[in-house]
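A.B. asks: Coordinates for the following, if possible.
(one chain, ligands or ions: 1)
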Amino acid sequence: MAPLAAGPRVLVLGAGLAGGLLALALAERGALVTLAGEPAAALGATAISYGGVPWWAGADDPLGRLQSGAPQAWKALAARHGDLGWRSAELWLHGPRPAGDALPLPHAPAGTWLTAAEARRREPLLALADPHGVLVLPYGRLDPGVLLAGLERCLPALGVSRCGLLQEPGALAQARRAHDHTVLCAGAHGDRLLRQLDLPVPPGLAHSWAGVLIGRDRSLAAERIVMPLQPRRPAREGAGAGVAAVLDAGLAPAPGGGLLLGQTSWFDQPLAPSAAADRALLADAARLLLAGHDLDPALDLAGWTLQQRPVAFCHDGRPLVGPLEGAAGVSLFCGFAGPFALVPVLAPLLAEAVVSGDLAPLQALGVLPAAR
Ligand SMILES: Cc1cc2nc3c(=O)[nH]c(=O)nc-3n(C[C@H](O)[C@H](O)[C@H](O)COP(=O)(O)OP(=O)(O)OC[C@H]3O[C@@H](n4cnc5c(N)ncnc54)[C@H](O)[C@@H]3O)c2cc1C
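C.D. replies: Predicted coordinates:
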């Protein structure tokens, strides 16, 4: 698709899921987009994500209803731009079957319960596990490797310019001045960028470190995403304080082949790059994964690598999408709960707001930073 007539010059900071899809939506609307950042860099969460699309996980409100259109949004993007990694998948939620099948997921589609024995028969990776019971739900998944490669392919075709990380305050300020509008799509790095730009950090924006073990052995091929029925991470995010680390035992296909085994979430850790390389932290995380992992203690984990990436979230569970109050020409696009379901449906609305100034659709969703 050729770029439309010249529109506003927009600087998008961050080239992961959020920045990539926003750059795409802006360019489709005629904006002259510069996308800063390195998609596969060690900084970004997108590259090692499970990529699950919980389209049914939103509240019964306008944002939740918009989120339910995520599969259609991904398919429409693929129809316009080629394969971006959407795959139908199964989600397996393990845990004791609730009395009366009352689920903690009121909007989830109808699923099927498997006994532990049936689950072990169908998924060899669970051969020695005790998953209690498993609820099987229809799901969608984006292969992060295919997504990031697809964006690299289609963004230049839409006229999007690229530059690397803008880490020096001077370079950031200069790049901001050279554009009409700047959008922060830097995930957990957003608060650091805001401070570097001398801008206020909205209350409630926080981050945790998500950790996984990655096994590259291609004979380990999970066909499904396995997670707890009652994951601990969202509850800890909502609480705003509490234990330092939680484990949500599960597995997923690894981008590019192999298996992800996870997932640890570490809270209240600094965002300095040294935190990712801190040996004690990594050793603790590995111990937590191995000792606490109730799925398959017999997996030979020698040769697996542990990777951790910071992930942004908002304590109230609502993302920050739209202009930052008190900062002319700066918008936020971060803090998602379920970004693979929210980003594809919110990116077109934010792009429209940047290009036309119409904030009404974002206001109706309750996601504007000024509303906090
Ligand atoms: C193991 C794991 C499993 C997950 N599973 C799921 C799941 O199943 N479903 C789901 O919806 N979500 C899941 N998530 C969360 C999801 O992957 C992330 O929240 C999402 O990918 C974040 O996308 P993003 O674009 O906002 O941020 P990121 O992907 O973190 O990208 C931020 C970008 O900003 C760039 N950046 C940083 N500083 C600068 C700078 N100064 N200048 C320019 N660029 C900069 C970085 O290089 C990076 O590319 C998971 C995360 C992990 C780690």
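
A.B. asks: ok, stretch 133-142 near the ligand or not?
C.D. replies: No: contact of stretch 133-142 with the ligand (C-beta under 6 Å from any ligand atom) is absent, the minimum separation being 7.5 Å. Placement of C-beta: from N, CA and C, glycine included.

A.B. asks: got the residues of the chain near the ligand?
C.D. replies: Within the chain, the positions near the ligand by C-beta under 6 Å from any ligand atom are 13-19, 36-39, 41, 43-46, 48-52, 165-167, 185-187, 189, 193, 210, 212, 262-263, 309, 311, 334, 338-340.

A.B. asks: need the contact list for the residue in the stretch 1-150 of the chain that the ligand sits nearest to.
C.D. replies: Of all residues in the stretch 1-150 of the chain, residue 16 sits closest to the ligand, at 2.4 Å by C-beta to the nearest ligand atom. Residue 16 is in contact with 37, 39, 44, 45, 46, 47, 148, 185, 187, counting by C-beta atoms under 8 Å, 6 or more residues apart in numbering.

A.B. asks: do residue 190 as well
C.D. replies: By C-beta under 8 Å, 6+ apart, the residues touching residue 190 are 14, 184, 205, 312, 332, 334, 335.

A.B. asks: same question, residue 201
C.D. replies: So residue 201 contacts 191, 194, 195 (C-beta under 8 Å, 6+ apart).

A.B. asks: element containing the last one?
C.D. replies: Taking DSSP states H and E as the criterion, residue 195 maps to helix 190-196.

A.B. asks: I'd like the average pLDDT over that helix.
C.D. replies: Taken as a whole, helix 190-196 has an average pLDDT of 91.

A.B. asks: got it, and stretch 312-325?
C.D. replies: For stretch 312-325, mean pLDDT rounds to 95.

A.B. asks: Buried residues of it, list them for me.
C.D. replies: 312, 313, 314, 317, 318, 319, 320, 321, 322, 323, 324 (16 or more other C-beta atoms under 10 Å).

A.B. asks: repeat for stretch 254-268
C.D. replies: 254, 255, 258, 259, 260, 261, 262, 263, 264, 265, 266, 267.

A.B. asks: export these to a markdown table and tack on pLDDT?
C.D. replies: Compiled in a markdown table, the buried residues of stretch 254-268 are given as follows (pLDDT from 0 to 100):
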| residue | pLDDT |
| --- | --- |
| 254 | 90 |
| 255 | 86 |
| 258 | 88 |
| 259 | 88 |
| 260 | 90 |
| 261 | 86 |
| 262 | 85 |
| 263 | 88 |
| 264 | 87 |
| 265 | 90 |
| 266 | 89 |
| 267 | 91 |
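
A.B. asks: Buried residues in stretch 47-67, which are they?
C.D. replies: Residues of stretch 47-67 classed as buried: 47-58, 63-64, 66-67 (neighbour count, 16+ other C-beta under 10 Å).

A.B. asks: How about stretch 38-49?
C.D. replies: Buried-residue list, stretch 38-49, by 16+ other C-beta under 10 Å: 38, 39, 40, 43, 44, 45, 46, 47, 48, 49.

A.B. asks: for the residue in the stretch 151-300 of the chain that the ligand sits nearest to, what are its contacts?
C.D. replies: Proximity of the stretch 151-300 of the chain to the ligand (C-beta to the nearest ligand atom) peaks at residue 187, 2.6 Å away. Contact analysis of residue 187 by C-beta under 8 Å, 6+ apart lists 14, 16, 18, 44, 45, 46, 207, 310, 311, 312, 334.

A.B. asks: Next, the contact list for the fourth one, please.
C.D. replies: By C-beta under 8 Å, 6+ apart, the contact set of residue 44 is 14, 15, 16, 37, 38, 187, 309.
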